[in-house]
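> Just need the structure, nothing else, for what follows:
(one chain, ligands or ions: 4)
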Amino acid sequence: MKDGVYRSLCGMCHNSCGIIARIESGKLAELKGDPEHPANRGYLCSKVAAIEEITRSPDRLQTPLKKTSAGFREISWDAAFDFAAEKLSAVLRKYGPKGLIRCGGAPVNYEARDGFQYLMKVCGSVSGTGSSSSCMVPRATAFNFMIGGKPEPDFDNADMIIMWGSNPAATNRLGNYCAYDGVNKVLDRARNRGASVIFIDPLRSESIKNSDEWIPINNGTDSVLALAMIRHIVENGLYHKDFVSTYTVGFEKLAEQAQPYSPESAADITGIPAEAIISLADRFAKSPRATICDGNGLDMYCNTVYTVQTIVALLGLTGRIDAEGGVVFLPFVPQRALNDLNPADMALRYKFPLFRDVPFSALKEALLSNDPDSPKAMIVHHANPAIINANSARTKAALEKLEFLMVDDIFMTATAQLADLVLPSVSSFERYCYKAYSSFDRGFAALSRPLFDAPGQAKTVFEMEYEIAKRINPSASHPFWDDKSWINFVLSPSHITFDMLDEQQIVYIDKPVVYHKYKSAGFATPSKKMELYSERMKKSGYSPVPIVCDASGGTQNENAEEYPLLVTNRRPGAFVQTTLHNLSSLTGNNPMPEMWISKQDADENGIFNKSVVIVETKNGRGEFMANIRPEQKKGLIALDFGWGNPTDNGADFNMLTDDSVYDPIGGGSPQRIFRGRIAARP
Ligand SMILES: Nc1nc2c(c(=O)[nH]1)N[C@H]1C(S)=C(S)[C@@H](COP(=O)(O)OP(=O)(O)OC[C@H]3O[C@@H](n4cnc5c(=O)[nH]c(N)nc54)[C@H](O)[C@@H]3O)O[C@H]1N2
Ligand SMILES: Nc1nc2c(c(=O)[nH]1)N[C@H]1C(S)=C(S)[C@@H](COP(=O)(O)OP(=O)(O)OC[C@H]3O[C@@H](n4cnc5c(=O)[nH]c(N)nc54)[C@H](O)[C@@H]3O)O[C@H]1N2
Ligand code: SF4
Ligand SMILES: [Mo]
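Ligands and ions are numbered 1, 2, ... in the order given. Just a heads-up that it's a prediction; the model follows:
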C-alpha cells in the first residue's frame, strides 16, 4: 500500500468502527478511532492491537491448498478454480441445485454476508446455512411473526432500558443492525439523563458495574419472567388499552397463557424474588418511555423463539412498538440481494418452515442420517461451522460426509482442516468493503479500505467466485468481478457508488425516523396487526401463542449426580467468536479459555484462582483457567467460547455441548445450558 493517512473501517466485529490509520513504509505507524464515524466517535476496543498482526501472522493461508492422501498440497489458482468448478458441476449434474449449500458466518462485515452468494445463484441454488440458528435469526423470527420486522431500541429517548441477555461492555453490541452514536457511550448517556439501565443476566457480566440494577435470572427461564410480568400488567390494567384494542390480535389468548405464572411460581423457576418481578413489571408498564434490548444471551436455547415472543409481547402490551423511547423500525440503506431465488426451494427447509435458513442442526442430522435431501457439496465462506455448533465431534463427522467441501478463510481453521479445497482470502484490512448502517439520525454507508498488501497469493472472494462461476456456466451473466465492482453493484439501489464512498468516506441517506408507522401502514403481518396469536405459527405446527418450554430440551436434569454443575458460556471481550486466538498481540493477557466459578464451588473442588481445571460433560472434556468471581451463582460455571482452532491450542467449548435436542422453530441447541463436572488438573 502507498504510505498515507486513511479513513477506513475495522472489519473484526459487527460494530464496524471508523478508524484512521497512518501507514509508513508499508507499516501501521498510528491508529486512531475516527471521531466523525457515528458508530464509535473515536472509540476503539482492545482488539485493534491485532490489526497489523492479522496481515503479518505466519499462520496466514498464502496459496490454495488441495487435500490429498498425503495431506494438503499447494496448487495454483487456475488449478484450484478448475478443481472447484469440476467438483461443483459434478454435484449439480448428479443431484441438482439441492446438492449444493452455502455456509456463511456471522455477517460481521458485508464481504462476509455476500461472498459466494452470486455463485450460488449461478448454480441455481438458494440453500443456505451457518451461524443463523445460533445468532439473532431465531430472535428476529419471533419479531417477524408478531410485528413483521426487527425494530431497534431507542436508547436515547428511553427512561427505562432493559438489557435482556446482552453484554455490550464486552461485545459492543447494542441491538442488531443499528449504529448508535458512540457505541460505548450510549448507556452512560442514558443514565446521565436519569434513565435507569437494568440488566437481566445469569452472570454478573462486565456490563453490570455501569448499570442501576442487575436481575440474576436462571439460564433459559426468561419466558417465565416475561409471562409473569404480562400477568401482572394485565391483572392490574397496566397495559396500553388503545394499542391493544386497535392494533393487536390475540390479547385474551396471551392473557390466558400468562395466567399460571404468578410472581411466586415464577420466582421458583427464574430464581428472581416475586417482589422483584412485580416491581420490574410495574416500572416497565408505568414508565413513560421504556425499551428492551434483546441480546444473544437469549439465543442457543431450545426455547429461543417462544421466549423472545414473550418479550415482544411485553413491548406490544405496553405500547412500545415503533414508539419514541421504545423499539423502532429504522430506515435502511437500500441494497441489492445477490441471490434472489425463491427461499421456498431451499433443500431441508420444510423441516423448519418459519426459519429463513436451513438451521445447522437440521443439516447435520440430514448428513448423518444420509437423508436423500441432504446436500453433497458445501461452500464455507467466512465461517467456522466445525466448532461453532453444538457437539463439535458430531459436526465434524457430518462435514466429513460431504462429497466436496470448499472453505475460503484467512487462517487454517478447524473447518478448513476438513476441506477438500482451501482458498486463501484477503483479510478485511487488505481489500475494499463497505458497511451500511441504520441510525436514529440517518442511514449511512462507509468504506473500508486496504491498509496492507495481502500476504502470498490471497484473493478477494469476489474474484474467486467470478472465476469459478465462469467455469461452471460460461454464459451466465456475472455483474461484478472484484471488491470495487461488487460495491457498485450491491449499492446501486441506493445510488451510492464506490467513487462517492472513496471521496467522502461516509455517505448519508436522508431518511428521517418516523414513529408509529403502523397507524397508517399496519404491521407487515397477515392481519396487518401485531399478532399475539399467530395463525401462521399454528399452520406450521407450532403453538400460536408463545409457550414455556425447557431451554435445555430436558437435558439439564439428566445425570445430575454424575455431572453436578450447570455449565454456560461467555463471550470474552478480548476476541471475536473463534477468531484472533492465535495472535500474540491479544493472547498475552488471555493465554487460555477462562472459567468463571463461585468461591464455594471452587473451595469444594480444591480449585484456586488461575489454576487449570478440567471440565467434563457426557460429550467431551477441556481445560480452562479458573477465575473465581464474586456473585457468581453457586452450581453454575461459565466457560469462554471461541477457542479450538488448530492454531490456538485452546479448548473448544462446543466439544462439551449437546446437539441431541433443538428449538423446533429456530433450530438452536442448548449451548448455553448443560451439565458438567470439574476437577483440578493434577
Ligand atoms: N457454544 C457457543 N457456540 C456459539 C456461540 C457461543 O456464544 N457459544 N456463538 C454463536 C454465534 S453468536 C455466532 S455469530 C457463531 C459464529 O459463527 P461463525 O461466524 O461461523 O464463526 P467465526 O468464528 O466468526 O468464523 C469466522 C471465520 O471467518 C474467518 N475470516 C476472518 N476474516 C475473513 C476474511 O476476510 N475472509 C474470509 N474468507 N474469512 C475470514 C475467520 O478466520 C473465521 O474462521 O458462533 C455461534 N456459536
Ligand atoms: N468481543 C466480542 N465481541 C463480539 C463477539 C465476540 O465473540 N467477542 N461476537 C459478536 C456476535 S456474533 C454477537 S451475536 C454479539 C453478541 O453480543 P451480546 O448480544 O452482548 O451477547 P453475549 O455476550 O453472547 O451474551 C450476553 C449476555 O447474555 C447472558 N445470558 C446467557 N444466557 C442467558 C439467559 O438465559 N437469559 C438472559 N437474560 N441472559 C443470558 C450472558 O451471560 C451474557 O452476559 O457480539 C458480537 N461482538
Ligand atoms: S473489533 Fe473493536 S474496534 Fe473493531 S469494529 Fe469491533 S468494537 Fe470496533
Ligand atoms: Mo453472533
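
> neighbours of whichever residue of the stretch 101-250 of the chain sits closest to ligand 1, just the number please.
With C-beta to the nearest ligand atom as the measure, G105 is the residue of the stretch 101-250 of the chain nearest to ligand 1, at 2.4 Å. From N, CA and C alone the C-beta is placed, and that goes for glycine too. Under the neighbour criterion other C-beta atoms under 10 Å, G105 is assigned a count of 24.

> Same question for P493.
The burial count for P493: 11, using other C-beta under 10 Å.

> And D242, by the same measure?
Here the number of neighbours of D242 (other C-beta under 10 Å) works out to 9.

> where does it fall, helix, sheet strand or coil?
Look at D242: counting by DSSP: H, G, I helix; E, B strand; the rest coil, its state is helix.

> ok, for it, nearest residue in space, not its chain neighbours?
Excluding its sequence neighbours, the residue lying closest to D242 (C-beta to C-beta, 6 or more residues apart in numbering) is G319, at 7.6 Å.

> How about N167?
S205 (4.3 Å).

> mind listing what the one you found touches?
For S205, the contacting residues are 167, 169-170, 199, 570, by C-beta atoms under 8 Å, 6 or more residues apart in numbering.

> ok, back up a step: looking at it, the residue of the stretch 101-250 of the chain closest to ligand 1 is touching N389, isn't it?
No: counting by C-beta atoms under 8 Å, G105 sits too far from N389 to count as a contact (11.5 Å).

> circling back: contact partners for the residue of the stretch 101-250 of the chain closest to ligand 1?
G105 makes contacts with 112, 130-131, 381-384, 388, 577, as judged by C-beta under 8 Å, 6+ apart.

> Need those residues in JSON lines (columns: neighbour count).
Listed next are the contacts of G105 as JSON lines, based on neighbours: other C-beta atoms under 10 Å:
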{"residue": "A112", "neighbour count": "20"}
{"residue": "G130", "neighbour count": "29"}
{"residue": "S131", "neighbour count": "22"}
{"residue": "H381", "neighbour count": "26"}
{"residue": "H382", "neighbour count": "26"}
{"residue": "A383", "neighbour count": "26"}
{"residue": "N384", "neighbour count": "26"}
{"residue": "I388", "neighbour count": "27"}
{"residue": "Q577", "neighbour count": "21"}
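
> Out of those, which comes closest to ligand 3?
Nearest to ligand 3, judged by C-beta to the nearest ligand atom, of the contacts of G105 is Q577 at 11.2 Å.

> Per-residue confidence, whichever residue of the stretch 151-300 of the chain sits closest to ligand 1, what does it come out as?
Relative to ligand 1, the nearest point of the stretch 151-300 of the chain is N296 (4.9 Å; C-beta to the nearest ligand atom). You'll see N296 listed with a pLDDT of 98.

> isn't it right next to R173, touching?
Yes: N296 is in contact with R173 according to C-beta under 8 Å; the separation is 7.2 Å.

> Overlap of the contact sets of the two?
Listed as contacting both N296 and R173 by C-beta under 8 Å, 6+ apart are S166.

> which stretches of the stretch 101-250 of the chain have low pLDDT?
Low-confidence segments of the stretch 101-250 of the chain (pLDDT under 70): none present.

> Need phi/psi at the residue of the stretch 151-300 of the chain closest to ligand 1.
With angles defined as degrees, to the nearest 10, N296 sits at phi -60, psi -10.

> Return the distance of it relative to S438.
19 Å (C-beta to C-beta, to the nearest Å).

> Looking at those two, which one has more neighbours?
Remark: of N296 and S438, S438 carries more neighbours, 23 against 19, as counted by other C-beta under 10 Å.

> how near is the more buried one to V333?
As judged by C-beta to C-beta, S438 and V333 stand 8 Å apart.

> Look at Q417 and say how many residues are nearby.
Around Q417 there are 16 residues (other C-beta under 10 Å).

> what do you get for F608?
F608, neighbours per other C-beta under 10 Å, totals 12.

> secondary structure class for it?
Under three-state DSSP, F608 comes out as coil.

> and this structure, which of its residues are near ligand 2?
Taking C-beta under 6 Å from any ligand atom, the part of the chain that reaches ligand 2 is made up of 13-14, 106, 135, 164-168, 170-173, 200-203, 205, 217, 219-220, 222, 295-298, 571, 573, 575-577, 672.

> Just confirm A362 contacts Y350, I think it does.
No: between A362 and Y350 there is no contact under C-beta under 8 Å: 9.7 Å.
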